[in-house]
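Novice: got a sequence here, can you build the structure:
(one chain, ligands or ions: 1)
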Amino acid sequence: MNLAKFRRVRLAHLPTPLEPMPRLSAALGGPELWIKRDDCTGLSTGGNKTRKLEFLMAEAQHQGAEIVLTQGATQSNHARQTAAAAARLGMACHILLEDRTGYNHENYRFNGNVLLDHLHGATMEHRGTGLDMNAEMEAVAQKLRAQGRKAYAIPGGGSNPVGALGYVNCAFEMLGQFNDQGLAVDHIVTATGSSGTQAGLIVGLKATNAGIPLLGIGVRAPKPKQEENVLALATRTAALLGCPGVVGRADVVANTDYVGEGYGIPAASTLEAIEIFARTEGILLDPVYSAKAGAGLIDLIRRGQFKRGERVVFLHTGGQIGLTAYTHAFNVKS
Ligand SMILES: *Cc1c(COP(=O)(O)O)cnc(C)c1O
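Specialist: Predicted structure coming up:
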């Protein structure tokens, strides 16, 4: 398998750092914790979508696109990174934003990722909840094509086999860092949403026979649905990469116990995770994804699923700019 045979534009600051978290490890009294800093991919405050966009935007360029479309929730990190990538490559960007949380707060509607979408020059339109957003986007793309525009549509989260190649690459990058530093890693833990991150990682880990289990912590769908989505995308990604069949059903594990009330709605454990990471390591998690994964990591250590003597790597997928959209969730006093 050979990633270099795929079209790619360089958008991310790579490799992202792999760092120890000694104070968080001590505070939890469990395994030795490390963090892979994909919040530091560099493009417009960083995050995991930038790795996917290196492959997706190269496809868009190759097809001669002058406008890219994508979709996501109001505070979509993926939409913001797509808007930035389009600006960088001289393409227009049009975003469909779904009101998935029902939040009406001023900061939720106009701050955080929405502010950055605007600054990058993206145009936006809105949808209510419960629609097939990829279908909505395709309809808009068709309308643009009928007007003679060359439009390239990127699915929600950039999660198709081309986008997932970005996380195959991340798996290779991490394994290189573990090998260089002589770090025997027992588990990798990350947030899982539209599935491209977990699917790409598991393909990379299995194709190299790394022997490191990956746990995805869900942010939206129930466990059976999440695992089904990840397995389906991993299967297609492995085929694209030329190593069909490397991922089996048992390799795909998601824990969806930390979603709380729903997508984009922080639970008490989400807010606790943000506070613990911020105060022990000076690291910011985001309220929609990485802090739900962080809450899972913390709880599974407290329950003894990850224990002393083990080494666990937490993949930080970014999204911190979203904190400024969630001031209502924090009891801020000056
Ligand atoms: C999109 C996103 C995720 C989830 O990644 P998927 O590839 O969609 O599963 C996790 N964290 C952050 C910050 C994200 O923006």
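Novice: who's in contact with the nearest residue to residue 268 once chain neighbours are set aside?
Specialist: In space, and not counting its chain neighbours, residue 268 is closest to residue 260: 8.0 Å by CB to CB, 6 or more residues apart in numbering. Where C-beta positions appear, they are placed from N, C-alpha and C, glycine not excepted. By CB atoms under 8 Å, 6 or more residues apart in numbering, the contact list for residue 260 reads 266-270, 292.
Novice: neighbour-wise, which of these leads?
Specialist: When these are compared by neighbour count (other CB atoms under 10 Å), residue 292 ends up highest, at 32 neighbours.
Novice: so it sits against residue 190, correct?
Specialist: No - the criterion here is CB atoms under 8 Å, and residue 292 misses it with residue 190 at 10.9 Å.
Novice: quick check: neighbours shared by those two?
Specialist: Residues touching both residue 292 and residue 190 by CB under 8 Å, 6+ apart: residue 217.
Novice: now residue 135: how far from residue 153?
Specialist: 11 Å (CB to CB, to the nearest Å).
Novice: try residue 104
Specialist: With distances taken as CB to CB, residue 104 is found 29 Å from residue 153.
Novice: more neighbours: those two, which one.
Specialist: Set residue 104 next to residue 153 and count neighbours by other CB under 10 Å: residue 153 wins out with 20 against 9.
Novice: might you report the residue contacts of the more buried one?
Specialist: Residue 153 is in contact with 68-70, 134, 137-138, 141, counting by CB under 8 Å, 6+ apart.
Novice: contact partners for the residue nearest the centre of the chain?
Specialist: The chain has residue 48 as the residue nearest its centroid, 4.4 Å off, counting by CA atoms, centre = their mean. Applying CB under 8 Å, 6+ apart to residue 48 gives the contacts 38, 41, 77, 166-167, 197, 317-318.
Novice: buried ones among these?
Specialist: Among these, the ones that count as buried by 16 or more other CB atoms under 10 Å are 38, 41, 77, 166-167, 197, 317-318.
Novice: tell me which of the residues you listed fall in strands.
Specialist: If you go by DSSP state E, the buried ones among the contacts of residue 48 have nothing in strands.
Novice: tabulate the residues you listed (TSV), appending distance to the ligand and pLDDT.
Specialist: Putting these into TSV (distance: CB to the nearest ligand atom, whole Å; pLDDT from 0 to 100) gives the following:
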residue	distance to the ligand	pLDDT
38	9	99
41	11	98
77	3	98
166	9	98
167	7	99
197	3	99
317	3	98
318	4	98
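Novice: which element is the closest residue to residue 14 other than its chain neighbours on?
Specialist: Sequence neighbours aside, residue 173 is the residue nearest to residue 14 in space, at 6.7 Å (criterion: CB to CB, 6+ apart). Residue 173 belongs to helix 161-181 when elements are defined using DSSP states H and E.
Novice: for residue 271, the count of nearby residues, please.
Specialist: Per other CB under 10 Å, the neighbour tally for residue 271 reads 18.
Novice: where's it relative to residue 113, distance?
Specialist: When distance is defined by CB to CB, residue 271 is 19 Å away from residue 113.
Novice: picking that back up, could I get the contacts of residue 48 in TSV, plus columns for distance to residue 248?
Specialist: Shown next, in TSV, are these (distance: CB to CB, whole Å):
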residue	distance to residue 248
38	26
41	30
77	30
166	22
167	18
197	19
317	24
318	29
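Novice: farthest pair within those residues?
Specialist: Spanning the widest gap among the contacts of residue 48 are 77 and 167, at 14.9 Å by CB to CB.
Novice: can you give me the helices for the chain?
Specialist: 22-28, 49-62, 77-89, 106-110, 112-119, 133-146, 161-181, 196-207, 223-241, 268-281, 290-302 (DSSP state H).
Novice: mind checking which of those helices is nearest residue 328?
Specialist: That would be, of the helices of the chain and by CB to CB, helix 106-110, which comes in at 7.1 Å.
Novice: avg pLDDT for the closest one?
Specialist: Mean pLDDT, helix 106-110: 97.
Novice: from the chain's centre, how far out does that helix sit?
Specialist: How far helix 106-110 lies from its chain's middle: 22 Å, per CA atoms, centre = their mean, to the nearest Å.
Novice: can you tell me what sits against that helix?
Specialist: Here helix 106-110 has contacts from 74-75, 101, 103, 324-328, using CB under 8 Å, 6+ apart.
Novice: ok, and for that helix, which residues are buried?
Specialist: Buried positions in helix 106-110, judged by neighbour count with 16+ other CB under 10 Å: 107-109.
Novice: all good on my end, thank you.
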